[in-house]
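**Q** I'd like to go over a predicted model; first the sequence, then the structure.
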Amino acid sequence: MEQEVKRISDSMIEHIYQVRPEHLNAAGRLFGGQLMEWIDEIAGLVGMRHSNGNITTASVDNLRFIRGAYQNDLIVLMAKVTYVGNTSMEIRVDTYVEDFQGTRKPINRAYLTLVAVDSNDVPRKVPTILLETEGEKAEWEAAKRRKELRIQRQKEGF
C-alpha cells in the first residue's frame, strides 16, 4: 500500500476568539489555562484533519507567553503540521492579538506532539507531508531537532 501524502496547507487552520470576562484571570489578563485550551483544541483539529481520524495529545513543548491579552482583544490562532513520524505529528500553533485595524502581534508559540489513534486508542499510521517551500523544509529540520530533545528529556525522566 502506498503512503498517503498531504500538503501542509491541507490541514492548516486559523481561528479567532474574543477575550470575554470569563477568560480573564485575577489580574485582568487572558488566563494562561484558557489559551492553552484553545491551543490544544486547534492543534487537535489540525491533527484530525491531517491524520483522517482521532488523535491524542502526547506533549506540549515551548509554550512561551510573549505578552498578555485583555478583555475584548481578538485572539488569532494559526496552526499547521510541521513534522510527521510514523504515528505522530508535530503541530505548531502561533497565537496573535489582533487590533481593530488588523495588525497582529505575537503573544505565544507552542509545539504539540499528537498521536493518531484508532477506535481502540491504538496508534495508527499518519500520512506524510509534502514539503513545498524552503520555510516548510526549515521547519521540518527544526522539528527533527525538537524531537531529539524530547527523546533526550524523556530519557532523563522529564
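**A** Structure received.

**Q** for the lowest-mean-pLDDT helix or strand in the chain, list the C-alpha coordinates in PDB.
**A** For the chain, using mean pLDDT, DSSP states H and E, the weakest element among its helices and strands is strand 55-65, scoring a mean of 87. Once non-C-alpha atoms are left out, strand 55-65 reads as follows in PDB (Å, rounded to 0.1, in the frame of the first residue of the first chain):
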ATOM      1  CA  ILE A  55      -5.800  11.800  17.800                       C
ATOM      2  CA  THR A  56      -4.500  12.300  21.300                       C
ATOM      3  CA  THR A  57      -2.100  14.900  22.600                       C
ATOM      4  CA  ALA A  58       1.200  13.400  23.700                       C
ATOM      5  CA  SER A  59       3.200  16.500  24.700                       C
ATOM      6  CA  VAL A  60       3.300  20.300  24.600                       C
ATOM      7  CA  ASP A  61       6.700  22.000  24.000                       C
ATOM      8  CA  ASN A  62       7.800  25.500  24.100                       C
ATOM      9  CA  LEU A  63       4.700  27.100  25.400                       C
ATOM     10  CA  ARG A  64       6.100  30.600  25.700                       C
ATOM     11  CA  PHE A  65       4.000  33.600  26.700                       C
END
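
**Q** what's the first helix or strand after that strand?
**A** Downstream of strand 55-65, the first helix or strand assigned by DSSP states H and E is strand 74-84.

**Q** now the element after that following strand, going C-ward?
**A** Following strand 74-84 in sequence, per DSSP H and E, is strand 88-98.

**Q** and Ile8, what does it touch?
**A** Lys80, Val81, Thr82, Ile129, Leu130, Leu131, Glu132, Glu136 (Cβ atoms under 8 Å, 6 or more residues apart in numbering). (Glycine included, C-beta is placed from N, CA and C.)

**Q** could you dump these into CSV with distance to Leu35 and neighbour count added?
**A** Output for the contacts of Ile8, formatted as CSV (distance: Cβ to Cβ, whole Å; neighbours: other Cβ atoms under 10 Å):
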residue, distance to Leu35, neighbour count
Lys80, 18, 22
Val81, 21, 30
Thr82, 20, 21
Ile129, 26, 22
Leu130, 31, 12
Leu131, 29, 16
Glu132, 30, 11
Glu136, 26, 18
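
**Q** now those in CSV, with distance to Met36 and pLDDT?
**A** Output for the contacts of Ile8, formatted as CSV (distance: Cβ to Cβ, whole Å; pLDDT from 0 to 100):
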residue, distance to Met36, pLDDT
Lys80, 18, 98
Val81, 20, 98
Thr82, 19, 97
Ile129, 25, 95
Leu130, 30, 95
Leu131, 29, 96
Glu132, 30, 96
Glu136, 26, 95
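
**Q** thank you, goodbye.
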